[in-house]
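Engineer: coords below, sequence missing:
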């Protein structure tokens with residue numbers, strides 16, 4: 001049987017490698033932004049909120065979710081390319097746990113949007 005070498009993805013556009021300190025730095029920034037978002041919009045969303053403020057909230061919400069996906073995508077691709085090293089699985093698990101924690105902090109916003117009158 002002939003073995004061929006599979007192509008490898010160049011993920012350096014996302015992070016240098018799995019030990020890149022920017023992964024943790026980015027995660028901390030997302031945590032800070034998520035906390036600020038919840039503190040700012042949770043009181044507003046249950047009361048009266050103007051269309052302009054709601055639009056601003058939706059934009060911030062989308063930006064947080066977009067930025068949350070960067071380390072998660074990186075971890076998924078690293079793990080998909082080679083799932084044998086425990087460090088790859090650890091990074092994937094950490095990014096998934098962080099994403100779940102972030103979604104849990106933001107779920108109030110999803111529920112408030114769903115409750116808006118049509």
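Structural biologist: On my side now, so go ahead. Just so you know, these numbers come straight off a predicted model, no measurement behind them.
Engineer: so who does residue 8 touch?
Structural biologist: Residue 8 makes contact with residue 81 under the criterion Cβ atoms under 8 Å, 6 or more residues apart in numbering. Placement of C-beta: from N, CA and C, glycine included.
Engineer: can you give me the distance of it to residue 18?
Structural biologist: In this view, residue 8 and residue 18 are 14 Å apart by Cβ to Cβ, to the nearest Å.
Engineer: just the element for the residue nearest the centre of the chain, please.
Structural biologist: Centrality entry for the chain: nearest residue to the mean C-alpha point is residue 68, 1.7 Å, by Cα atoms, centre = their mean. Element membership for residue 68, per DSSP states H and E: helix 51-81.
Engineer: and the helices in this structure, which stretches?
Structural biologist: For the chain, applying DSSP state H gives helices covering 21-45, 51-81, 86-115.
Engineer: any chance of a markdown table for those helices, columns mean pLDDT and distance to residue 14?
Structural biologist: Putting the helices of the chain into a markdown table (pLDDT from 0 to 100; distance: least, Cβ to Cβ, whole Å) gives the following:
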| stretch | mean pLDDT | distance to residue 14 |
| --- | --- | --- |
| helix 21-45 | 94 | 9 |
| helix 51-81 | 95 | 4 |
| helix 86-115 | 95 | 12 |
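Engineer: between the ones you listed, which one is nearest to residue 4?
Structural biologist: Shortest distance between residue 4 and those, using Cβ to Cβ, is found for helix 51-81: 15.2 Å.
Engineer: who touches the nearest residue to residue 22 once chain neighbours are set aside in this structure?
Structural biologist: In this structure, residue 22 finds its nearest non-sequential neighbour in residue 15, 5.9 Å apart by Cβ to Cβ, 6 or more residues apart in numbering. Residue 15 sits next to 22-23, 71, 74 when contact means Cβ under 8 Å, 6+ apart.
Engineer: from residue 52, how far off is residue 15?
Structural biologist: Remark: distance between residue 15 and residue 52 (Cβ to Cβ) = 36 Å.
Engineer: just residue 8 next, same as before
Structural biologist: Going from residue 8 to residue 52 by Cβ to Cβ gives 47 Å.
Engineer: picking up where we left off before, buried ones among the contacts of residue 15?
Structural biologist: 23, 71, 74 (16 or more other Cβ atoms under 10 Å).
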